[in-house]
Structure formats: structure tokens, C-alpha cells
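>>> Fold the following for me, if possible:
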Amino acid sequence: MRMNNPLARWGALLAGLALIWLFMFQAGPALTQHSSAFRQYAAHVDELGFNTGAIYYTDVEIVAEGDLGYRTTVEYTPRGPALIN
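Residues are numbered from 1 along each chain as shown. Sure, this is the predicted structure:
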């Protein structure tokens, strides 16, 4: 279904933004307050001093190992017999 009406398109955008806001600032915090698993995870993150808003952790050992594994998987992925030199 295509929306050709600009008012409908703006309405869909605003509804989407409202849903994102609802989940970020209402449902998410409510879920974390009522879930012992989330509280335990948050306490562990605070204890380790992680900046959870960071995009990439280079000083965390497990991330460095994962990065190495990912890079080697991408670099040495089998390409098939036609591409072997």
C-alpha cells in the first residue's frame, strides 16, 4: 500500500516516532524496573564500568577476540574452486 497523501505520510512518521519514544522512555524503563535479570545485568555493567552507549569497545578483551574472529572469517571465507589461484 502506497501513501500518496502527504498528510498520511507525516502522520505515519509521527506515529513511528511516538512508538520509538514510548519504548525508549516508558516501556523500556518499566521493563528494567520489574525484571530481576535486567537489574542484575545493569548492576554488572555498572560494576565493570562499561559505557553502554559506546558503539565499539576496543579495550574489552572479549570484543577484541570477537573482532579478530569476525575479521578472519570475512578475510578467509571459502570462495569456491573457481576463485582459487
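>>> Centre of the chain to the longest helix seen in the chain, how far?
The longest helix of the chain (DSSP state H) is helix 6-22. Put simply, helix 6-22 sits 22 Å off its chain's centre (CA atoms, centre = their mean, to the nearest Å).
>>> Quick one: mean pLDDT over that helix.
For helix 6-22, the mean per-residue pLDDT is 95.
>>> neighbours around residue 42, how many?
Residues near residue 42, counting by other CB atoms under 10 Å, number 13. Yep, even glycine has a C-beta here, placed from its N, CA and C like the rest.
>>> which residue ranges form the helices in the chain?
6-22, 28-34, 36-48, 61-75.
>>> I'd like to know which elements the longest one is packed against.
Looking back up the chat, that one is helix 6-22. For helix 6-22, not one helix or strand is in contact under the criterion 3 or more CB pairs under 8 Å, 6 or more residues apart in numbering; DSSP states H and E.
>>> How many neighbouring residues does residue 32 have?
13.
>>> For residue 66, see how far away it is.
Plainly put, residue 32 is 25 Å away from residue 66 if you go by CB to CB, to the nearest Å.
>>> got it, and residue 74?
For residue 74, the distance to residue 66 - CB to CB - is 13 Å.
>>> In terms of neighbours, single out the busier of these two.
Higher neighbour count among residue 74 and residue 66: residue 66, with 12 against 8, using other CB under 10 Å.
>>> list the buried ones in stretch 14-31?
Of all the residues in stretch 14-31, not one is buried under the rule 16 or more other CB atoms under 10 Å.
>>> Touching it from outside, list them.
Here stretch 14-31 makes contact (CB atoms under 8 Å, 6 or more residues apart in numbering) with residue 38.
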